[in-house]
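> Structure for the following, please:
(one chain, ligands or ions: 1)
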Amino acid sequence: MSQLIDGKQISKQIKDELKDEVARLAAMGKHACLAVVQVGNDPASSVYVNNKKKACAYIGIESRSYELPEETTEEELTALVEKLNRDEGVNGILVQLPLPSHIDEDRIIRTISPDKDVDGFHPVSVGRLWIGEKGFLSCTPAGIIQLLKRSGISIEGKECVIIGRSNIVGKPMAALLLRENGTVTIAHSRTKNLQEITRRADILIVAIGKRQFITADYVREGAVVIDVGMHRDENNHLCGDVDFADVEPHTSAITPVPGGVGPMTIAMLMNNCVETIRTQEERA
Ligand code: GUN
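Numbers count the residues shown, from 1 in each chain. Have a look, this model is predicted:
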């Protein structure tokens, strides 16, 4: 029997732990405030932003909303981020991506102070992650580590194969698995003999961005499979990069879509927000 890794339940557990911690920190006069910036009104981004604000409210973190029109210039957005960097009442800054095409995303990410970079996207955060220094972790990969640990799956010494090399998932995932003493391979769209590589995996992390691409042929008997994908199938139901019905019987544990990796991203964002005040000097 394969273990179904319940991201909804694990993310709720993390959010409840954070809620208790935030109450304890509040009693010491420490309060977290997240600035949430959205440019334009892409419907998917609006859903994500609202979910982030709801999670803040649940945990007891203040959120400040900045909803800017689509026509906002890069200079205007930069000026807002710089103002938020200087604002001592703001601990974390989140600029929802994607940004409109006339704004250079990389430049905006670099403008956010690394001390307030709760997404973990700034090159300083990325560098800290790779050299093992304390810093903000990219939320989706950090959530996957929590899913594994809290499901009793050990990473040490395991063959970990990641499909996908994005800056947001694949690359930071590799750094985090390495930090947990996994043996890590990153495969991607140009990888030759993909099945040969994925069939070596004890832990297979799939972030390939292709609907139900991974079938049983890609999976070793008894592997753990983590699905980062999010798509709609022909019946308009949510599904992942993994063909769940085909793969699940061959796994020892697997994440569903929805209800697997998805809910963990926000839980880890909340953890990063709390991190901004955990280590703060006590205020007089
Ligand atoms: N857009 C989709 N996912 C994310 C995320 O994790 N952070 C930000 N800032 N934008 C996103």
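
> Just the element for the residue in the stretch 151-284 of the chain that the ligand sits nearest to, please.
Nearest residue of the stretch 151-284 of the chain to the ligand (CB to the nearest ligand atom) works out as Thr265 at 5.7 Å. (Glycine included, C-beta is placed from N, CA and C.) Taking DSSP states H and E as the definition, Thr265 sits inside helix 262-278.

> Show me what that helix is in contact with.
7-8, 10-12, 14-15, 18, 21-22, 25, 30-32, 34, 51-52, 55-56, 59, 61, 91-92, 94, 115-116, 118-120, 136-137, 139-140, 142-144, 146-147, 230 (CB atoms under 8 Å, 6 or more residues apart in numbering).

> let's see 6 Å
If you take CB atoms under 6 Å, 6 or more residues apart in numbering as the criterion, helix 262-278 is touched by 7-8, 11, 14-15, 18, 21, 25, 30, 32, 34, 51-52, 55, 59, 61, 91-92, 118, 136, 139-140, 142-143, 147.

> Report the buried members of these.
7, 11, 14-15, 18, 21, 25, 30, 32, 34, 52, 55, 59, 61, 91-92, 118, 136, 139-140, 142-143, 147 (16 or more other CB atoms under 10 Å).

> Show me the subset of those that also lies near the ligand.
Restricting the buried ones among the contacts of helix 262-278 to those near the ligand by CB under 6 Å from any ligand atom leaves Cys139.

> Just the ones of the buried ones among the contacts of helix 262-278 in helices?
7, 11, 14-15, 18, 21, 25, 52, 55, 59, 139-140, 142-143, 147 (DSSP state H).

> Nearest to Gly240 among those residues?
Of all these, Gly240 sits closest to Gly7, with 11.6 Å by CB to CB.

> give the contact list for that closest one.
Residues in contact with Gly7 (CB under 6 Å, 6+ apart) are 259-261, 263-264.

> neighbours of the residue of the chain found nearest the ligand, just the number please.
The minimum distance from the chain to the ligand, using CB to the nearest ligand atom, falls at Leu97 (3.7 Å). Leu97 has 16 neighbours, counted by other CB atoms under 10 Å.

> buried residues in stretch 176-191?
Applying 16+ other CB under 10 Å to stretch 176-191 flags 176-178, 180, 182-187, 191 as buried.

> Look at the nearest residue to Glu62 once chain neighbours are set aside and report its pLDDT.
Leaving aside its chain neighbours, Glu62 sits nearest to Cys33 (4.2 Å; criterion: CB to CB, 6 or more residues apart in numbering). At Cys33, the pLDDT value in this model is 98.

> Report the contact partners of Cys33.
62, 89-91.

> try it again with 10 Å
56, 61-64, 84, 87-92, 273, 276-277 (CB atoms under 10 Å, 6 or more residues apart in numbering).

> With Arg64 as the reference, measure out to it.
Using CB to CB, to the nearest Å, Cys33 is found at 6 Å from Arg64.

> Show me whatever sits in contact with both of those two.
Contacts common to Cys33 and Arg64, judged by CB under 10 Å, 6+ apart, are 56, 84, 87, 89-90.

> Where strands are concerned, which of these count?
Among the shared contacts of Cys33 and Arg64, no residue falls in strands (DSSP state E).

> In those, find the pair that's most separated.
Cys56 and Asp87, at 16.6 Å, using CB to CB across these.

> And the residue nearest to Glu62, how close does it get to Leu25?
Distance from Cys33 to Leu25, by CB to CB: 12 Å.

> ditto for Ser113
The value you get for Ser113 to Leu25, if CB to CB is used, is 21 Å.

> Also Glu82?
From Glu82 to Leu25 the distance is 27 Å (CB to CB).

> Repeat that for Ser252.
On the measure of CB to CB, Ser252 and Leu25 end up 38 Å apart.

> what do you get for Arg150?
From Arg150 to Leu25 the distance is 23 Å (CB to CB).

> Gln3 too?
Distance from Gln3 to Leu25, by CB to CB: 34 Å.

> Spell out which residues of the stretch 151-284 of the chain are next to the ligand.
For the stretch 151-284 of the chain, the residues in contact with the ligand (CB under 6 Å from any ligand atom) are Thr265.
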